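Participant: structure here, sequence nowhere to be found:
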Ligand SMILES: [Zn+2]
């Protein structure tokens, strides 16, 4: 397939415009995406971000680029309030659960990998950890201090934002001006070692009770959160690389600080294209553990939750997410998911139908080459997956017309159509068609049948039978839940 001739445009958060993508090294792409802080089960909103960048990774590979995709694991240094105070998130969880910080890290790294595998995301080329790169971080701090962009106070090192801003532009990514930030900040004097509230920590001296600590020229302590991404991206991708991605909420201060650190120590602008994925809401509200407006990926897959009326398989949730553009806010709800499930099944059925329809002398009512290019055009326009999916459904309609004898397709066009559908559905969108899903459907059917038998038994007050159905299902790991709307189950 003619792929590298495609002209890809990427919306660059730095310029606020769609720009034609040109990699630094021909045919090669370096991409860095901020990974999770592994102190709790991976959030569904974060999954959306990683699925968005999986789409980017897959499409770049599909176009024929050799992509080095680096996504880090934050296993130290991320404090509670994203800034320079509060407890380390991982250390706090370890304290509350009375386990080692590295047990917390291990538990939630495993959860993260399992969840992303369920969503059929490709693993990155390199997945470095913050604690594995303390030496590199200390080296960068030394250079930033030597160049006069950081200062030491009581064993901690802070980045000097106002000195940096005299020769550079702090705020260029998030569209902020340092003067405005200074005017709008009210920080009580004497609460911090910093010269200015806008300064941020590169190294923090550890309090006596802080467990996660390393020796450095300044104190026993730990690196600031923003620094790990600078250290790991430059180590594996160079001082300048092509794409840096992350969730919208990381634009400021995290990514702004990454730019400042890189420019201060290497003198170069680190990233050519900044990409930010938008957030996911749940029933129109921001997701938050504290309000209960929250759902974990595993709770969606098992159906074991209070929010959805049924279980949804990971491929359906992935399809649902890709039906929105990555820069739009997406609202997660039962109705929206149920609609996506229908669409997903229809798409998969059409793919199966391609294998059984027969070709004719000529193609009627469909221009395969124009359709194929329209699929590329959708993705070339800043990875517009909803438009791509709409184009795929044009082909689905055509496949059904052929099946119903209302259109014909030539042998060559049928091959081309089938190949292109497979490429975009499986390789680019990463949607799996597994035998498992049809087994799941069969199992759901069997359990639903047992639930209605149990209801009939209860209606005739045959509680021995109804209890037996419930208990034997429970022994097989299938829990029945009786509610106002009837009985639901989770596996
Ligand atoms: Zn980062």
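Facilitator: Cool, got the structure. All values reported here derive from a predicted model rather than from experimental measurement.
Participant: who touches whichever residue of the stretch 1-150 of the chain sits closest to the ion in this structure?
Facilitator: The minimum distance from the stretch 1-150 of the chain to the ion, using Cβ to the ion, falls at residue 34 (3.2 Å). Every C-beta, even on glycine, is put in place using the N, C-alpha and C of the backbone. By Cβ atoms under 8 Å, 6 or more residues apart in numbering, the contact set of residue 34 is 71-72, 229, 245-247, 250, 254-255.
Participant: just these: which are in helices?
Facilitator: The helices, defined by DSSP state H, take in residue 229 from these.
Participant: ok, and the most crowded of the contacts of residue 34?
Facilitator: Within the contacts of residue 34, most neighbours by other Cβ atoms under 10 Å means residue 229, with 28 neighbours.
Participant: SS state for the one residue in the stretch 351-491 of the chain that gets nearest to the ion?
Facilitator: Per Cβ to the ion, residue 383 is where the stretch 351-491 of the chain lies closest to the ion, at 20.5 Å. Residue 383 falls in the coil class when you classify it by DSSP: H, G, I helix; E, B strand; the rest coil.
Participant: point out where the stretch 301-450 of the chain drops to low pLDDT.
Facilitator: 433-441 (pLDDT under 70).
Participant: near the ion, which residues of the stretch 101-250 of the chain show up?
Facilitator: Residues of the stretch 101-250 of the chain lying close to the ion by Cβ under 5 Å from the ion are residue 229.
Participant: if we use 8 Å, what do you get?
Facilitator: Within the stretch 101-250 of the chain, the positions adjacent to the ion are 225-226, 228-229, 246, 250 by Cβ under 8 Å from the ion.
Participant: so who does the residue of the stretch 251-400 of the chain found nearest the ion touch?
Facilitator: When distances are taken as Cβ to the ion, the stretch 251-400 of the chain reaches nearest to the ion at residue 254, 5.5 Å away. Residues near residue 254 by Cβ under 8 Å, 6+ apart: 34, 82, 225-226, 229, 246.
Participant: now intersect those residues with the strands, please.
Facilitator: By the criterion of DSSP state E, membership of the contacts of residue 254 in strands covers residue 246.
Participant: gap between residue 141 and residue 397?
Facilitator: Look at residue 141 and residue 397: by Cβ to Cβ, to the nearest Å, they are 59 Å apart.
Participant: pretty sure residue 152 sits against residue 145.
Facilitator: Yes. At 7.2 Å, residue 152 and residue 145 qualify as touching, with contact defined as Cβ atoms under 8 Å.
Participant: residue 361: neighbour count?
Facilitator: Close neighbours of residue 361, defined as other Cβ under 10 Å, add up to 8.
Participant: one more: the one 10 residues further on?
Facilitator: Neighbourhood size, residue 371 [other Cβ under 10 Å]: 18.
Participant: packing partners for the longest helix along the chain?
Facilitator: Longest helix in the chain, counting residues (DSSP H): helix 435-459. Applying 3 or more Cβ pairs under 8 Å, 6 or more residues apart in numbering; DSSP states H and E, one finds that helix 435-459 contacts helix 463-475, strand 486-490.
Participant: buried residues in the first one?
Facilitator: The one in question is helix 463-475. Going by neighbour count (16 or more other Cβ atoms under 10 Å), the buried part of helix 463-475 is 466, 469-470, 473.
Participant: quick one: contacts of stretch 204-224?
Facilitator: With Cβ under 8 Å, 6+ apart, stretch 204-224 has contacts from 76-77, 84, 88, 90-91, 94, 101, 130-131, 134, 137-138, 141-142, 152, 154-157, 200-203, 231.
Participant: distance from it to the middle of the chain?
Facilitator: Its chain's C-alpha centre and that of stretch 204-224 lie 31 Å apart, by Cα atoms, centre = their mean, to the nearest Å.
Participant: next one: stretch 364-382
Facilitator: Stretch 364-382 sits 27 Å away from the centroid of its parent chain (Cα atoms, centre = their mean).
Participant: for stretch 388-406, same thing?
Facilitator: Put simply, stretch 388-406 sits 30 Å off its chain's centre (Cα atoms, centre = their mean).
Participant: buried sites along it?
Facilitator: In terms of neighbour count (16+ other Cβ under 10 Å), stretch 388-406 has its buried residues at 388-389, 391-392, 395-396, 398-402.
Participant: likewise for stretch 415-435?
Facilitator: Neighbour count says stretch 415-435 has 416-418, 420-421, 423-425, 428-433 buried, by 16+ other Cβ under 10 Å.
Participant: looking at these, which are in helices?
Facilitator: Per DSSP H, the buried residues of stretch 415-435 map to helices at 416-418, 420-421.
Participant: thinking again about what came up before, and the gap between the residue of the stretch 1-150 of the chain closest to the ion and residue 305?
Facilitator: 28 Å.
Participant: check the ones in helices among the buried residues of stretch 415-435 and tell me the two furthest apart.
Facilitator: Spanning the widest gap among those are 416 and 421, at 9.7 Å by Cβ to Cβ.
Participant: before we move on, the earlier item: among the contacts of residue 254, which one lies nearest to residue 171?
Facilitator: For these, the nearest to residue 171 is residue 226 (14.6 Å; Cβ to Cβ).
Participant: surely that closest one meets residue 259?
Facilitator: No. Counting by Cβ under 8 Å, residue 226 does not reach residue 259; the two are 9.8 Å apart.
Participant: residue 35: how many residues sit nearby?
Facilitator: 26.
Participant: distance check, it against residue 140.
Facilitator: The value you get for residue 35 to residue 140, if Cβ to Cβ is used, is 19 Å.
Participant: mind listing the strands for the stretch 101-250 of the chain?
Facilitator: 150-153, 156-159, 200-205, 221-223, 241-247 (DSSP state E, counting those that start in this stretch).
Participant: need the helices for the stretch 1-150 of the chain, in chain order.
Facilitator: 44-62, 89-97, 101-118, 134-146 (DSSP state H, counting those that start in this stretch).
Participant: from the contact counts, what lies against the last one?
Facilitator: Helix 134-146 sits against strand 150-153, strand 156-159, strand 200-205, strand 221-223, helix 225-237, helix 256-266, with contacts defined as 3+ Cβ pairs under 8 Å, 6+ apart.
Participant: so which of these is nearest residue 109?
Facilitator: helix 225-237 (15.1 Å).
Participant: can you give the domain ranges for this structure?
Facilitator: As assigned by automatic domain parsing, the chain contains the domains 23-277, 281-428, 435-490.
Participant: need the contact list for residue 319.
Facilitator: Contact analysis of residue 319 by Cβ under 8 Å, 6+ apart lists 340, 343-344, 347, 389, 429, 431.
Participant: for residue 121, see how far away it is.
Facilitator: 14 Å.
Participant: ditto for residue 97
Facilitator: 28 Å.
Participant: the more surrounded of the two?
Facilitator: Taking other Cβ under 10 Å, residue 97 and residue 121 do not tie; residue 121 has more neighbours (23 against 11).
Participant: isn't the more buried one right up against residue 431?
Facilitator: No. Assessed by Cβ under 8 Å, residue 121 is found out of contact with residue 431, at 11.9 Å.
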